[in-house]
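Q: A predicted structure for the sequence below; I have some questions about it.
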Amino acid sequence: MNNNAVDLHVHSNKSDGTLTPAELVRYAASKGLKAMALTDHDTVEGLDEVLKTAKETENAPEIVKGVELSTDLDGKDIHIVGLFIDHKNKGFEDYLSRFIVLREKRNKDMCDALREGLQMDITIEKLTAAFPGSVMTRAHFARYMLDRGFIKSMDEAFDRWIGDGKPYYIPRNKVTPEEGVEVILKAGGLPVLAHPILYRYSKERLEKLVSSLKEAGLVGIESIYSTYSVSDTRYIKELAKRFDLLESGGSDFHGSNKKTIDLMTGTGKLYVPYKVFEKLKKRAGKQ
């Protein structure tokens, strides 16, 4: 166990994780995590609980108020993590409400498409009843399909049916990555491009995206991530240096929804050092 580790990309059951915010804090404390960012998809509903629990828990990590915004670029989901946000900011709350409206329409359309195309017994009402209190994501669709025996693994849902470009993937109305960056900035946060390797862009295409987001105000990029290879990490570190971006990193922990990824250690070798957190914290004016 490395007692200097941080994890700046973590999900609770307020979006598509399986642990409650309180359980996350206690689990992080048991692992000796020094700092943790709760970055649920398009919601900040877990932040008050995670902050309260941290105050009440011995050896709790320092909590970073975060979010992960899902944006769209040419039909591909691009995720922007916001760190050190003011989650009570009125403009930010209004923007998240808009996100929820767009997400709900997309989710209803996906339910309709799956029901009509695959004769699945799924409606938006049944989906939300299966996961009460959660912001619905494609992971919830995958879990719903798995629990009902329609698929044999969560990955199969994405690989065959609901992944980007698959038959039953429906993008939301356009919310651009640049807009996501701007909204996080307005909420006083640091916008970070999440897991850029996962978009499977060519180097030219990825660098074009990073350049555009830098112009919009991007502050950081995830150079340390659970599924990166050594060469992936090296390349993103080079990108960070070239575009004058701070590095960030995290496990993208989802509890049992991503069984091979643990908090703090990812697939076993992840290590995000405290100095990465210190630089971000200093940039956010929190020191």
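A: Now that the structure is in, tell me what you want to look at. Numbers count the residues shown, from 1 in each chain.
Q: can you pull the buried residues of the lengthiest helix in the chain?
A: Ranked by residue count and defined by DSSP state H, the top helix of the chain is helix 90-118. Residues of helix 90-118 classed as buried: 92, 95-96, 99, 102-103, 106-108, 110-111, 113-114 (neighbour count, 16 or more other Cβ atoms under 10 Å). Yep, even glycine has a C-beta here, placed from its N, CA and C like the rest.
Q: Stretch 73-80 too?
A: Using 16+ other Cβ under 10 Å as the test for burial, stretch 73-80 gives 73, 77-80.
Q: any chance of the residues you listed in a markdown table, with pLDDT and secondary structure too?
A: As requested, the buried residues of stretch 73-80 are arranged in a markdown table below (pLDDT from 0 to 100; DSSP: H, G, I helix; E, B strand; the rest coil):
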| residue | pLDDT | secondary structure |
| --- | --- | --- |
| 73 | 90 | strand |
| 77 | 87 | strand |
| 78 | 94 | strand |
| 79 | 96 | strand |
| 80 | 97 | strand |
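Q: How is this structure partitioned into domains?
A: Domain assignment for the chain by automatic domain parsing gives 5-87+177-283, 97-162.
Q: Out of those domains, indicate the one that is most buried.
A: Burial of these is given as mean neighbour count (mean count of other Cβ atoms under 10 Å); domain 5-87+177-283 ranks first at a mean of 20.
Q: Quick one: end-to-end distance for it.
A: Chord length of domain 5-87+177-283, first to last residue, is 19 Å (Cα to Cα, to the nearest Å).
Q: next one: it to chain centre, how far?
A: Put simply, domain 5-87+177-283 sits 6 Å off its chain's centre (Cα atoms, centre = their mean, to the nearest Å).
Q: ok, of the domains of the chain, where does mean pLDDT dip lowest?
A: Lowest mean pLDDT within the domains of the chain: domain 97-162, at a mean of 90.
Q: Quick one: end-to-end distance for that one.
A: Using Cα to Cα, the span of domain 97-162 from its first residue to its last is 24 Å.
Q: Not counting sequence-adjacent ones, nearest residue to the residue positioned nearest the centre of the chain?
A: By Cα atoms, centre = their mean, the chain has its centre lying nearest to residue 68, at 4.3 Å. Using Cβ to Cβ, 6 or more residues apart in numbering and skipping residues adjacent in sequence, the residue nearest residue 68 is residue 39, 4.4 Å away.
Q: pretty sure that neighbour is touching residue 12, no?
A: No: assessed by Cβ atoms under 8 Å, residue 39 is found out of contact with residue 12, at 9.4 Å.
Q: ok, back up a step: could the domains of the chain be laid out in JSON lines, adding distance to residue 168?
A: Formatted as JSON lines, these follow (distance: least, Cβ to Cβ, whole Å):
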{"stretch": "domain 5-87+177-283", "distance to residue 168": "13"}
{"stretch": "domain 97-162", "distance to residue 168": "5"}
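Q: any idea how far residue 168 is from residue 158?
A: 11 Å (Cβ to Cβ, to the nearest Å).
Q: Please apply the same query to residue 164.
A: Using Cβ to Cβ, residue 164 is found at 8 Å from residue 158.
Q: The longest helix of the chain - contacts with which helices or strands?
A: strand 62-73, helix 124-130, helix 138-147, helix 177-186 (3 or more Cβ pairs under 8 Å, 6 or more residues apart in numbering; DSSP states H and E).
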